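>>> Take this sequence and fold it.
(one chain, ligands or ions: 1)
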Amino acid sequence: MSRPRIATVWLDGCSGCHMSFLDLDERLLDLAARADLVYSPIVDAKEYPEGVDVCLVEGAVSTTDDLHKIRLVRERTATLVSFGDCAVTANVPSMRNPIGPRPLLERAYVENVDLHPGIPTEVVPALLAQSAPVHRIVPVDVFLPGCPPSADVIFETLLRLLGADAPPERPLRFG
Ligand code: SF4
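Numbers count the residues shown, from 1 in each chain. Below is the predicted model of the structure:
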């Protein structure tokens with residue numbers, strides 16, 4: 001029987017949720033004994049693969065790149081977990097929503113810059129009009145709130161998802 005394939009994805013978040021994932025410490029070895037981590041900021045895979053069983057998604061959907069990535073992740077993932085408050089509610093990234101992208105970019109790239117001010121038109125992905133929670137863009141199977149969720153809650157969630165004989169009733173909420 002093939003081993004479960006898990007992934008983690010980093011959208012518009014501070015990486016604190018991934019830091020909490022790393023706080024699993026020696027329990028990462030328990031996880032490695034049960035499943036293969038096939039895509040994550042902490043592994044070298046460059047492209048999100050097909051056939052992922054469980055994916056933890058950190059961060060809100062804030063840019064055109066985030067939008068493209070979350071749609072691909074949804075297409076290729078059986079159980080998508082909204083991982084942390086930025087994914088669940090848009091949290092910190094949504095603080096810019098009342099301001100709108102243009103004044104924000106002016107402030108960051110023009111008003112506060114002494115050397116070569118100018119809003120980038122290449123490399124930096126375009127901001128969407130609003131920063132959105134993941135479930136507003138694609139269906140989410142499991143909500144894992146917290147800023148960040150604790151390592152204990154992350155571990156328990158993954159064990160339950162990997163150990164379940166049948167798909168969980170959806171949506172689930174932990175924490
Ligand atoms: Fe950072 Fe909190 Fe957002 Fe996680 S939920 S990415 S820890 S701000």
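
>>> Lys69 reaches Leu11, doesn't it?
Yes. Using CB atoms under 8 Å, Lys69 is in contact with Leu11, at 6.8 Å. (C-beta placed from N, C-alpha, C; glycine too.)

>>> and this structure, which of its residues are near the ligand?
By CB under 6 Å from any ligand atom, the part of the chain that sits against the ligand consists of 13-14, 16-17, 58-59, 84-86, 91-92, 147-148.

>>> tell me the secondary structure for Leu128?
Leu128 carries the three-state label strand when classified by DSSP: H, G, I helix; E, B strand; the rest coil.

>>> How about the contacts made by Lys69?
By CB atoms under 8 Å, 6 or more residues apart in numbering, Lys69 lies in contact with Val9, Leu11, Tyr48.

>>> wait, doesn't the second one sit right on Leu67?
No. Between Leu11 and Leu67 there is no contact, the gap being 9.4 Å when judged by CB under 8 Å.

>>> so what's in contact with those two at the same time?
Looking at what touches both Leu11 and Leu67 (by CB under 8 Å, 6+ apart), the common residues are Val61.

>>> between these two, who's got more neighbours?
For Leu11 versus Leu67, neighbours defined as other CB atoms under 10 Å are more numerous around Leu11 (24 against 18).

>>> Quick one: residues contacting that one.
Contacts of Leu11 (CB under 8 Å, 6+ apart): Val57, Glu58, Gly59, Ala60, Val61, Ser62, Asp66, Lys69, Ile70, Cys86, Ala87, Val134.

>>> I'd assumed the first one was in a strand, is it?
So the one you mean is Val57. Yes. With three-state DSSP as the criterion, Val57 is located in a strand.

>>> so it bridges to which residues?
Beta-bridge partners recorded for Val57 (DSSP bridges): Val9, Ser82.

>>> before we move on, what about the fifth one?
Val61 forms beta bridges with Ala132, as assigned by DSSP bridges.

>>> Name the helix or strand of the protein that has the lowest mean pLDDT.
Least confident helix or strand of the chain, by mean pLDDT, DSSP states H and E, is strand 172-173 with a mean of 56.

>>> quick revisit: could the residues of the chain next to the ligand be laid out in JSON lines, adding neighbour count and secondary structure?
Formatted as JSON lines, these follow (neighbours: other CB atoms under 10 Å; DSSP: H, G, I helix; E, B strand; the rest coil):
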{"residue": "Gly13", "neighbour count": "24", "secondary structure": "coil"}
{"residue": "Cys14", "neighbour count": "17", "secondary structure": "coil"}
{"residue": "Gly16", "neighbour count": "18", "secondary structure": "helix"}
{"residue": "Cys17", "neighbour count": "25", "secondary structure": "helix"}
{"residue": "Glu58", "neighbour count": "30", "secondary structure": "strand"}
{"residue": "Gly59", "neighbour count": "29", "secondary structure": "coil"}
{"residue": "Gly84", "neighbour count": "30", "secondary structure": "coil"}
{"residue": "Asp85", "neighbour count": "23", "secondary structure": "helix"}
{"residue": "Cys86", "neighbour count": "29", "secondary structure": "helix"}
{"residue": "Asn91", "neighbour count": "20", "secondary structure": "coil"}
{"residue": "Val92", "neighbour count": "17", "secondary structure": "helix"}
{"residue": "Cys147", "neighbour count": "16", "secondary structure": "coil"}
{"residue": "Pro148", "neighbour count": "24", "secondary structure": "coil"}
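
>>> Many thanks, I have nothing further to ask.
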